[in-house]
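> Here is a sequence with its predicted model. Questions after.
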Amino acid sequence: FSRVQILQQFSSRCQELAELSDVGKDLPTRVGDSEANRDKNRYPYILPYDHCRVRLSVQNSLPHSDYINANFVPRDFICTQGPLQNTLVDFWRMVWEQNVRACSNPVLDCWIPVGFCVLPGRNL
């Protein structure tokens, strides 16, 4: 490839990425943005869409206990943020309730604070 071809390909990919950044911005995220659920979001600007969010079973009749920042993705996937200390139980409840068979996180060390154990019985 010539330098010009590489720059053209790079420019084309940048344009595609810019177009993708607007995808989904018009879809509602009211549940994740509600006051009761804000502290359950690792990133306040990345919220689950209301129409395809994972709903946990309600615990002890608490109205907001069904919330976790996670969406179902077509073809049998769940996309979620790394759990916070206050959402770790919700994370494992989701794994259990949705019968998740495998978890993948390519940036595991980036979101685990020192002394925070994600897996029961494991010390990091």
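Alright, I've got the coordinates.

> so how far is stretch 46-60 from its chain's centroid?
Relative to the chain's own centre, stretch 46-60 is displaced by 11 Å; criterion: Cα atoms, centre = their mean, to the nearest Å.

> now swap in stretch 76-95 and tell me
Relative to the centre of its chain, stretch 76-95 is centred 8 Å away, using Cα atoms, centre = their mean.

> same thing with stretch 73-82?
Averaged C-alpha coordinates place stretch 73-82 at 8 Å from its chain's average position (Cα atoms, centre = their mean).

> repeat for stretch 19-39
Relative to the mean C-alpha coordinate of its chain, stretch 19-39 is positioned 12 Å out (Cα atoms, centre = their mean).

> Quick check: closest non-adjacent residue to the spatially most central residue of the chain.
For the chain, the residue whose C-alpha lies nearest the mean C-alpha position (Cα atoms, centre = their mean) is Thr80; its distance is 2.3 Å. In space, and not counting its chain neighbours, Thr80 is closest to Ala70: 3.6 Å by Cβ to Cβ, 6 or more residues apart in numbering. Using the backbone N, CA and C atoms, a C-beta is placed for each residue, glycine as well.
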